[in-house]
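A.B. asks: Here is the input, now give the coordinates:
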Amino acid sequence: MRRWIHWLPGIETLHRYETAWLPHDIFAGLVLATMLVPVGIAYAVASGLPGIYGLYATIVPLLVYALFGPSRILVLGPDSALAAVILGVVVPLSGGDPLRAATLAAMMAIVSGTVCILAGIARLGFVTELLSKPIRYGYMNGIALTVLISQLPKFFGFSVRSEGPLRDLWAIADAILEGKTNWVAFGIGLGTLVVILLLKDSKRLPGILIAVVAATAVVGALDLGTRYGVAVIGPLPEGLPSFAIPWIAYGDIVPVLVGGCAIALVSFADTSVLSRSYSARLGTHVDPNQEMVGLGAANLATGFFQGFPISSSSSRTPVAEAAGARTQLTSVVGALAIAVLLLVAPNLLQHLPSAALAAVVIAAAIGLFEVTDLKRIYRIQQWEFWLAMVCFVGVAVFGVIPGIGLAIAIAIAEFLWDGWRPHSAVLGRAHGVKGYHDITRYADARRIPGLVLFRWDAPLFFANAEFFKERVLDAVAKSPTPVRWLVVAAEPVTSVDVSAGDTVAELDKALHAQGIELCFAELKDPVKDKLKRFGLFSQLGEQYFFPTIGAAVSNYLKINDVEWEDWEDQAKR
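C.D. replies: So this is what the prediction gives:
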């Protein structure tokens, strides 16, 4: 029983719940609901789905995460960062059918949830750290631009056929030049956007709620939908989300799988960062693997209850915190409040203008752009800045799914390149500095006759083993004196695989042919154990493995009777 409770942090919180927390959680939940409704509808529309599915994708995840999620106040729901990914999959496949679009999106949520749960159980919570910060900035900026472009037609009061970010931008410009803009809708959208941006830093005034309520009231009072053709969402269906298995066509499987996996990666990367930030602020520990399970369970559940992929929210979580949230009960209260709205007053938002929803999403997209830190990266390491730009252009030109695929490919290539062509150095004795150091960094470094000290700054594996061999032989060839020993300073070597072990064996034979002994110093015990299993200890001789570089040098001087006096010996005399 205890084992299963570990996977249900909400139950543990309930056991320790304090009565004094209850008023705070109820109030915070009601405040949160006022923001969740317009945002949920807006992100559903931005994802190419009817607005009601945004509320379904808000209610279910809040309830499920309250049970499975380890963070006490993290708020989950539809997210602007995922809108472009969902849109990129459902629009080409749905053919304009909203029910099919909803089915495809629901299956993407199931795929994403399943991936997250399996990864969490397998304790793979570290995988999102494989994407470097510049790469994350690049694809998130690309996603932000894609989301922003997708909302411009609604913002200007017309529609275009989506064919990719750049083509859509061209079509939008053509529509504006042809006079298709609905200036009343544009005015509503612009006013909404201005209010949101002006109040975005206010902790007392809910900018999104004020802007959306004002836009809805104006459109309803002046009947702008009928008189000026301002698009509105209309009455919402009455009732709660129901269980449904989202059956998709065979031809849709691959894009839905790819999209679901991409969403799992993006959503967990964002959720883990946000979760760690709040756990540090609140002084609590959050297990990243349990966080992955909680996010996965929320996605899986919403997929079976007419929702679509969700993530954590960096805009709604602070609202819950500022309103006084103490535990996951805040999310439960918020979900129940939205459920009551759907049961009692589904027509309350029928005059909500699409232009105002577009403004909500545009404001969120603007918040996704990262510029300041990219400037810093450009100043300190330009090649990483250009990696970010490649990912950004990839998303903007090819679309979100291919762009994220490009980002992952670049991340893997970056990782392999660092290991494939690592730094190496020949070491010498520099005056006034303890130890042995890179002779290219210390011009006065002296080398011991007949001895090459070679440092390899990376794990030794199949991709760099031949390069290691080449660098060692090059160091031997460039030695100013005939070489008797070559000592590999192996402290940075954290692992050796079979391919690299075979290459070391070949290198030993090549050096022996030249009368040179191959030695190792400062090997870590786990690496040394591997070399023993590979048979290298017996081939090289156990006497040629030394605990330190100093021990290797002392043995070399003793065995080879080389005259050598370093600066420390001179100082003692």
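
A.B. asks: And the lengthiest helix in the chain, what does it pack against?
C.D. replies: Counting residues, the longest helix found in the chain (DSSP state H) is helix 253-282. Judged by 3 or more Cβ pairs under 8 Å, 6 or more residues apart in numbering; DSSP states H and E, the packing partners of helix 253-282 are helix 80-94, helix 98-121, helix 133-156, helix 288-304, strand 311-312, helix 316-322, helix 400-420. C-beta coordinates here come from the backbone N, C-alpha and C atoms, glycine included.

A.B. asks: Tell me where the stretch 201-350 of the chain is predicted with low confidence.
C.D. replies: 203, 273-274, 276-285, 314-315, 322 (pLDDT under 70).

A.B. asks: Contacts for the host helix or strand of Ala175 next, please.
C.D. replies: Using DSSP states H and E, Ala175 sits in helix 165-177. Residues from elsewhere that reach helix 165-177, judged by Cβ atoms under 8 Å, 6 or more residues apart in numbering: 145-146, 149-150, 152-153, 156, 158, 160-163, 181, 395-397, 399.

A.B. asks: List the residues that contact the residue nearest to Pro402 when sequence neighbours are not counted.
C.D. replies: What sits nearest to Pro402 in space, not counting adjacent residues and going by Cβ to Cβ, 6 or more residues apart in numbering, is Gly394, at 6.8 Å. Shown in contact with Gly394 (Cβ under 8 Å, 6+ apart): 138-139, 142, 402-403, 406-407.

A.B. asks: now for those, which pair is the farthest apart?
C.D. replies: Longest distance between any two of those is 13.6 Å, between Gly138 and Pro402; criterion Cβ to Cβ.

A.B. asks: higher neighbour count, those two?
C.D. replies: A count of neighbours by other Cβ atoms under 10 Å puts Gly138 above the other of Gly138 and Pro402, at 30 against 16.

A.B. asks: Am I right that Pro235 sits in a helix?
C.D. replies: No: counting by DSSP: H, G, I helix; E, B strand; the rest coil, one finds Pro235 to be coil, located in no helix.

A.B. asks: burial measure for it, as a count.
C.D. replies: As a burial measure, Pro235 scores 13 neighbours (other Cβ under 10 Å).

A.B. asks: show me what contacts it?
C.D. replies: Applying Cβ under 8 Å, 6+ apart to Pro235 gives the contacts 346-347, 350.

A.B. asks: cool, and Ala46?
C.D. replies: Contacts of Ala46 by Cβ under 8 Å, 6+ apart are 80, 83, 87, 147, 150-151, 357-358, 361.

A.B. asks: thinking again about what came up before, measure how the helix holding Ala175 sits relative to helix 400-420, angle-wise.
C.D. replies: Relative orientation of helix 165-177 versus helix 400-420 (axes from the mean of the first three to the mean of the last three Cα atoms, to 10 degrees): 140 degrees.

A.B. asks: Just the buried ones among the contacts of helix 165-177, please.
C.D. replies: Burial by neighbour count, 16 or more other Cβ atoms under 10 Å: within these this picks out 145-146, 149-150, 152-153, 156, 158, 160, 162, 181, 395-396, 399.

A.B. asks: sorry, back to before: the contacts of Ala46, buried ones only, as a ChimeraX selection?
C.D. replies: Buried residues among the contacts of Ala46 (16+ other Cβ under 10 Å), as a ChimeraX selection:
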select :80,83,87,147,150,151,357,358,361
